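Q: Please work out how this folds:
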Amino acid sequence: MFKDLFHKKKYATVPSERPKRDIPEGLMNKCPKCGNIQYSKELEKNLKVCSSCGHHFRLGAWERIGITLDEGRIDEFDADMLSEDPLGFPGYAAKLEQQKKNSGLPDAVVTGEGTIGGFPVVAAVMDFAFFSGSMGSVVGEKITRAIEHAHERKMPVVIFSTSGGARMQESILSLMQMAKTSAALAKFQGAGGLFISVLTDPTMGGVTASFASLGDYNLAEPGALVGFAGRIVIEQTIRQKLPDNFQTAEFNLQHGQLDKVVHRKDMKATLTKLLDMHVTTGGKA
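A: As a prediction, this is how the structure comes out:
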């Protein structure tokens with residue numbers, strides 16, 4: 001029939017999406033700053049620093065320990081200390097379990113004793129992967145105990161901070177950790193103890209407002225965000241536009257809040273040099 005002349009014929013078609021070559025998850029990483037794509041193994045060899053722009057990717061606590069402490073070893077303190085839900089905050093208990101599962105950590109800090117460049121130290125290393133590194137009762141208690149251990153043994157303390165601030169689900173119990181850690185440091189430093197604070201991306205809120213800013217030496221990694229309140233909150237409060245580099249490590253160094261910005265590849269050597277300066281007394285010069 002005539003209408004059959006115009007009947008739509010079916011032809012073999014090429015799929016709109018060609019089969020893609022399977023790339024194992026985690027094989028490649030894209031730099032959030034410059035967009036450079038690089039192999040994960042190459043990135044790890046470069047200490048998780050972008051080879052194109054120098055952006056410092058975040059490190060987990062055990063990754064940090066692995067590249068900073070001698071042989072990547074630490075005699076861990078209080079590994080079985082776990083956060084609870086003291087205030088019965090809705091959903092908090094379930095979130096804690098999920099955070100443990102996702103991060104592989106019991107809480108947001110690992111503390112212990114080890115050596116850096118051959119010098120004995122007590123170290124505390126925070127991890128942003130657990131509840132954004134927020135400081136609850138366990139984080140504050142573990143850091144306080146680490147400082148007290150160093151005080152008793154007359155050893156230097158090195159703390160790597162990364163945190164979104166106080167853990168709101170623990171309310172005043174979280175805020176109390178600011179005073180507790182600061183008081184322990186005051187006692188430790190008053191007795192001549194050496195505290196080196198290393199601020200990494202990001203270090204904000206109650207952690208910045210307490211122990212992280214109280215070092216005899218305050219160091220930071222390049223580009224690390226360091227501050228108390230966030231940019232938006234501050235701009236809305238003062239009704240002014242802030243500089244583009246506001247709260248970066250470089251901005252804080254320029255304004256006297258830091259002693260030095262140290263590239264990750266130089267961090268262990270810098271810590272070793274500082275420890276060597278104080279090794280005769282185990283405390284302040």
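Q: secondary structure class for the closest residue to residue 144 other than its chain neighbours?
A: When the adjacent residues along the chain are set aside, residue 144 lies closest to residue 184, with 4.6 Å between them (Cβ to Cβ, 6 or more residues apart in numbering). All C-beta atoms are positioned from the backbone trio N, CA, C, and that covers glycine. Secondary structure, DSSP: H, G, I helix; E, B strand; the rest coil: residue 184 is helix.
Q: Find me the pLDDT at residue 184, would you?
A: Note for residue 184: predicted pLDDT of 98.
Q: what does residue 282 give?
A: pLDDT recorded at residue 282 is 43.
Q: same deal with residue 57?
A: For residue 57, pLDDT reads 97.
Q: Residue 26 too?
A: Note on residue 26: pLDDT of 76.
Q: can you pull the contacts of it?
A: If a contact means Cβ atoms under 8 Å, 6 or more residues apart in numbering, then residue 26 has residue 40 as its contacts.
Q: Specify the local secondary structure of it.
A: Secondary structure, three-state DSSP: residue 26 is coil.
Q: From residue 39, how far off is it?
A: Relative to residue 39, residue 26 is positioned 10 Å away (Cβ to Cβ, to the nearest Å).
Q: For the residue nearest to residue 144, which residues are in contact?
A: Residues in contact with residue 184 (Cβ under 8 Å, 6+ apart) are 143, 144, 147, 148, 151.
Q: Only the buried subset of these, as a ChimeraX command please.
A: Buried subset of the contacts of residue 184, written as a ChimeraX selection, criterion 16 or more other Cβ atoms under 10 Å:
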select :143,144,147,151
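Q: Which neighbouring elements make contact with the helix or strand containing residue 218?
A: Using DSSP states H and E, residue 218 sits in strand 217-220. Using 3 or more Cβ pairs under 8 Å, 6 or more residues apart in numbering; DSSP states H and E, the elements in contact with strand 217-220 are strand 195-203, helix 249-254, strand 260-261, helix 264-278.
Q: Tell me where the protein has strands.
A: Applying DSSP state E to the chain gives strands spanning 28-30, 37-39, 75-77, 109-116, 119-126, 157-163, 195-203, 217-220, 260-261.
Q: of all those strands, which lies closest to residue 275?
A: Across those, residue 275 has its closest neighbour in strand 119-126 (4.0 Å, Cβ to Cβ).
Q: Now residue 32. Nearest residue, chain neighbours left out?
A: Leaving aside its sequence neighbours, residue 32 sits nearest to residue 55 (Cβ to Cβ, 6+ apart; 6.9 Å).
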